[in-house]
Each structure stands twice: as C-alpha cells, then as structure tokens.
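In: Dropping a prediction and its sequence here:
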Amino acid sequence: MYQMGGATRRRFMSGLAAIFGISKLTPFGLAVQAAGQAPATPDGVQIDPQTEYDRLVKLSSNENPYGPSEAVMKAMTGAWKYASRYGYPDGGITEAIAEHHKVPPDHVLLGAGSAEILKAADDAFLPDHRKVVGVEPTFEVVYRFATNSKAQAVTVPLKEDYTVDMKEIIRVTRTNARDVGLVYICNPNNPTGNVVHKDDIKLLLDGIPEDIPVLVDEAYHHFVDNPDYESSLKYVLEGRKVIVTRTFSKIAAVAGMRLGYGVAPREVIDQMRPVIYGSINAIVKYGGVAALQDSSYEARIKLLNRQVRDQTMAQLKSMGYEIIPSDANFFMVNIKRDVMPVRQEFEKRGILVGRRFPPMDTWLRVSVGSEDDMRRFVAAFKEIVPAGAA
Ligand SMILES: Cc1ncc(COP(=O)(O)O)c(C=O)c1O
C-alpha cells in the first residue's frame, strides 16, 4: 500500500490541523507524528505514531467516538473496486440526498466535507472586499477563508447568555447591505453548542434584503433535541436565498473520509458549483448513501451522545462549574482561567480538548466521547483544575 512520505504527511497533517485547530500537540502524539519520529515510552520502548494516535482520548474536534455503522462500512468496502477510476458510478449519492430532503437533485452540491461548501460559498459570494457577517465565536473557518480571499468578516459578539444576538446581526447586515455578500449562522453554534432559536432565523430572513445569501451551517443538526430549533431547509424549499450545509463527519462518523453537502435553490448552487473541484473519494459516496438509510444507527448515536454528554455536564456542574446548555456533541465549561495551559496539561495525560475560542478564553470546549473517554476526562479534570477553583 502507498505510504505518505514524511514531507507529504507533514503537509497533509498541517492542512487538517489548520482547519480543525489541532496543531502543536505536545508532547503526546501529533507533534511527534509531524516530526516523523516514533516516540518512546518512559522505559525507552519505541511506539509508532499510529499507535500513539490511537491511544489518545480525542475530545478536541467533535468527532463521533463510535465509528461508522456496519452498513456504512459494508457499503464503503464494496466500493474499493472503484479506487482506480475517475468515471465510476457514484452510488446515486446526490439523488439520495435530494430524496432525503425532498428537493430536486439540482438543489444539492457535494463537497469533500462541508468545509468545502463553506469555501465555495465564500469564493462565490465574497469577491474582493465584500463582507461576511456572523457571530463571534463561531466556526471561524468561514472568516478565515474570507480574509484569505481579501473579503472581510464583520463579527457580532454573542449576548451575555452566549446566544446569538440576531437583532444586532440584522442591524449590521442592513447597515452594510451594499457590501455584504454572505451572512453565516452556525446552528447549533460551534463552539458554544447551543441552538439559534427558530424565531431568530425567521427574524433574520424577514429583516435583511432578500438578495443577500444566508448560509446556515447545520453540521450538528442530528444531535439536537430542542423544540426551539428547526432546520432552515424549509426556507430553501420556499425559494429563499438560503444555503444549508450538512456533513457526514459527525453523526455518520466518516470525518476522515470527507463528505458533506449544501442544499440551496438551483441558482445559488449554480453560482457555487464552478468553484468546487470534485475531490470527494469514490468510497465515501457509497458510505454516504448507506448512512442516509441507516436511521437506527443515527438514533442510537444521538441517544448515546445525549446520555454521556448530560452525565458529564452534571458531574462538572456538581463541582460548581458553569456550563452552556448544549444541543450538540460537545459543550463548553468555564474553568475561569486561560484554557491553553490547561489544554497542555490534558495533552500530557493523553487527552485532547478544545483550543482557545476568543473572546471566550476561559471556556474549555469538550467534545463528547464514549463513556470511558469521559471518565478519563473527568478524572484528569479533577487533577488539573482543583476543587474549589470554580
Ligand atoms: C460547524 C462546523 N461546520 C463545518 C465543519 C466542517 O466539517 P466537515 O468539513 O468535516 O464536514 C465543522 C467541523 O468541525 C464544524 O464544526
């Protein structure tokens, strides 16, 4: 099998690390992996980087700790025969997504992860010096893509209760209306984990000029259990200039395989399509079709996530820590001190947790892992953030 060379692997790692903020992992794993050396245990035994990575408790990138369902694995395994082709049959993934959402196939755009759709929206709607409006903190990749292409991000702080200040987003968008190319809303929001109220989404769409596209990033849609939430797909069906993005990285657990999509009216998709390269692999397209059909796996993951999340949050709350209500597979806890040194202490114990999300510098974002992952997390938390520090 082809092995990535050291330099290639370094480039690959730093690309993903830049997107997901997992750079500079020391001393436990990825820094060693990036350096291309096998780390040693205290007694000098060499451990290869893959084993080292496998041992980490990964609570920093909001992944699914349980892995893809059997049906997805089976479908992907069956598609290996297309690994050598360009013009392979794709399993009908676009049609399957379209049917799933009751939209025509020309309303669907596939991406190598939903991040590729976010990039396509930036490329299509934010030519030089245009503005993207959204909150801070959020999934800031959208703002990074924008500033890379000389567009500008205009951000609005969250309210005191860490919810989205929609009135302010509307005000800023209207004030800058001539220059605004895109409004970005992450629902549920990453890193806070809370939902944007359905009334606020309506307020936004009623309150800004209809020709400004609104991108609603629903990467964590499948974990939500909240009557105040609703998907913005209904606005796409109404023909509004709304792009909803979804991903197979989270609930379907194929983050490493890279598949996501956007749903929008045809004219909006047509504007984004030319900037998409088509870099999705053959195998995950089959996995995606199987995942859409596997609703029982989805329900199981959703339930497990909720149980483990709520149990961990209750433990931290009983220790006196403030936590933002979460409807996602991660949550934020206020540790009342800069998260970066604390994050390093977790790393020393082989546990990866979220980075700093300015201006919420004392809030640690923790992904929900398996029950065992969270047991290890809470034990480390008690050591690192001593009792009474809350
Ligand atoms: C809110 C949000 N949107 C999009 C993405 C990108 O995910 P992917 O490109 O794997 O679909 C992430 C990844 O963590 C995310 O948190």
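Out: Nice, thanks for sending it over.

In: Check whether the closest residue to residue 80 other than its chain neighbours sits in a helix, strand or coil.
Out: Computed as CB to CB, 6 or more residues apart in numbering, the closest residue to residue 80 that is not its neighbour in sequence is residue 283, at 6.5 Å. (Glycine included, C-beta is placed from N, CA and C.) Here residue 283 is recorded as helix under DSSP: H, G, I helix; E, B strand; the rest coil.

In: Show the model's pLDDT score for the residue in the stretch 101-250 of the chain that the ligand sits nearest to.
Out: Among all residues of the stretch 101-250 of the chain, residue 113 sits closest to the ligand, at 2.5 Å; criterion: CB to the nearest ligand atom. For residue 113, the pLDDT comes out at 98.

In: for it, what are its contacts?
Out: 247, 249, 255, 258, 259, 260 (CB atoms under 8 Å, 6 or more residues apart in numbering).

In: The last one and residue 245 touch, don't they?
Out: I take that to be residue 260. Yes - using CB atoms under 8 Å, residue 260 is in contact with residue 245, at 6.4 Å.

In: Contact residues of this protein facing the ligand?
Out: With CB under 6 Å from any ligand atom as the criterion, the chain comes near the ligand at residues 62, 113-115, 139, 186, 190, 217, 219, 247, 249, 255, 260.

In: out of those, who's nearest residue 125?
Out: Here the nearest of the residues of the chain next to the ligand to residue 125, counting by CB to CB, is residue 217; it sits at 14.4 Å.

In: re earlier: got phi/psi on the residue of the stretch 101-250 of the chain closest to the ligand?
Out: Here is the backbone geometry of residue 113 (degrees, to the nearest 10): phi 90, psi 150.

In: For residue 179, see how far away it is.
Out: In this structure, residue 113 and residue 179 are 29 Å apart, going by CB to CB, to the nearest Å.

In: Then residue 141?
Out: Residue 141 sits 21 Å away from residue 179, taking CB to CB as the criterion.

In: Could you check which of the two is surrounded by more residues?
Out: Between residue 141 and residue 179, counted using other CB atoms under 10 Å, residue 141 has the larger neighbour count: 19 against 14.

In: Please report how far that one lies from residue 251.
Out: 20 Å.

In: Skip the chain neighbours and tell me the closest residue to the residue nearest the centre of the chain.
Out: What sits nearest the mean C-alpha location of the chain, by CA atoms, centre = their mean, is residue 219, with 5.7 Å. Sequence neighbours aside, residue 247 is the residue nearest to residue 219 in space, at 4.8 Å (criterion: CB to CB, 6+ apart).

In: Run a quick neighbour tally on that neighbour.
Out: 24.

In: buried set for the longest helix along the chain?
Out: With secondary structure taken from DSSP state H, the chain has its longest helix at helix 295-318. Of all the residues in helix 295-318, those buried under the rule 16 or more other CB atoms under 10 Å are 297-298, 301-302, 304-306, 308-309, 312-313, 315-316.

In: With respect to the ligand, which of those is nearest?
Out: Within those, proximity to the ligand (CB to the nearest ligand atom) peaks at residue 305, which comes in at 14.6 Å.

In: surely that closest one meets residue 368?
Out: Yes - applying CB under 8 Å, one finds residue 305 in contact with residue 368, separated by 5.4 Å.

In: what is in contact with these two at once?
Out: Each of residue 329 lies in contact with both residue 305 and residue 368 under the rule CB under 8 Å, 6+ apart.

In: Over to residue 190: give its phi and psi.
Out: Residue 190 has phi and psi values of phi -110, psi 120 when expressed as degrees, to the nearest 10.

In: For it, the count of nearby residues, please.
Out: Here the number of neighbours of residue 190 (other CB under 10 Å) works out to 22.

In: Next: the one 5 residues further on.
Out: Residue 195 is flanked by 26 other residues according to other CB under 10 Å.

In: How about residue 50?
Out: For residue 50, the count of nearby residues is 11 (other CB under 10 Å).

In: which among the residues of the chain next to the ligand gets closest to residue 200?
Out: residue 186 (12.8 Å).

In: Now stretch 380-390: average pLDDT?
Out: Mean predicted lDDT for stretch 380-390 stands at 78.

In: next one: stretch 205-224
Out: Taken as a whole, stretch 205-224 has an average pLDDT of 98.

In: what does stretch 188-197 give?
Out: The average pLDDT for stretch 188-197 rounds to 98.

In: which residues touch it?
Out: Against stretch 188-197 from outside (CB under 8 Å, 6+ apart): 62, 135, 137-139, 158, 162-164, 166, 185-187, 219-221, 223-224, 226, 228-229, 324-328, 330-332, 354, 357, 360, 363, 365.
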